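>>> A predicted structure for the sequence below; I have some questions about it.
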Amino acid sequence: MAGLTPFQTVGPYLHLGLTAGCAPMTAPDLTTPIAIEGRLLDGAGNGIQDGVLEFWAAGFSMVGRAWTGPEGRYRLDTLKPRTRVDEAGAVHAPHFAVRVLGRGILTQYVTRVYFADEADTADDAVLAAVPAARRDTLVAAAAGDGRYAFDVIVQGDGETVFFDL
């Protein structure tokens, strides 16, 4: 059989143990309050409703979760992490690791979200390893008032870079 494997569904996606009332992420090594908002999209550009995006960064005391609603829209209110330099001298620009779960997603998708307005983003060791033509799929655009726009596309044109963990 030639061609692409069709997108499958396992839904409905269950929210057992995942309540929308979960507290925003906080930790002592974070700085500015921000909101990350966008859409979780399938390969045809349709929003994936009833998905979950989990955000975390080194030093966090908990995971932040954002649920997708109609049209696949989500929003996470959190704090922006700081730039870090590891023992080997590699620069780690402010970013979040993101796990994507949802209806029709049969595997774990893991990506990162960086911030376009951070000077250290261009020097990040992991981002530099991503082909230049695809790096923009990992960078959130500043949308004003502490908000950042970041869409996650799970397949097709403009697909977000996912990491093989």
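Here it is on my side, so go on. Residues are numbered from 1 along each chain as shown.
>>> which parts of the top strand by length along the chain are buried?
If you go by DSSP state E, the chain has its longest strand at strand 30-41. Neighbour counts over strand 30-41 (16 or more other CB atoms under 10 Å) mark 30, 34-41 as buried. Heads up, the C-betas are built off the backbone N, CA and C, glycines and all.
>>> Next: stretch 127-140.
Neighbour count says stretch 127-140 has 127, 130, 135, 137-140 buried, by 16+ other CB under 10 Å.
>>> Then stretch 106-126?
109, 111-115, 118, 120-121, 124, 126.
>>> and the angle for the next helix or strand after the longest strand of the chain with strand 30-41?
The helix or strand immediately downstream of strand 30-41 is strand 52-56, counting by DSSP states H and E. Calculated by axes from the mean of the first three to the mean of the last three CA atoms, to 10 degrees, strand 52-56 forms an angle of 150 degrees with strand 30-41.
>>> nearest spatial neighbour of the residue nearest to the spatial centre of the chain, skipping sequence neighbours?
Of all residues in the chain, the one closest to the mean position by CA atoms, centre = their mean is residue 98, 4.0 Å from it. Nearest residue to residue 98 in three dimensions, chain neighbours excluded: residue 111, at 5.1 Å (CB to CB, 6 or more residues apart in numbering).
>>> re earlier: which one of the buried residues of stretch 127-140 is nearest residue 153?
residue 137 (7.4 Å; CB to CB).
>>> looking at the protein, which helix or strand is least sure?
In the chain, the helix or strand scored least confidently by mean pLDDT, DSSP states H and E is strand 84-85, which has a mean of 80.
>>> ok, residues contacting the helix or strand in which residue 148 is found?
Assigned by DSSP H and E, residue 148 falls within strand 147-149. The contact list for strand 147-149 (CB atoms under 8 Å, 6 or more residues apart in numbering) reads 34-38, 113, 115, 140-143.
>>> going on from it, what's the next piece of helix or strand?
Using DSSP H and E, the first helix or strand after strand 147-149 is strand 152-153.
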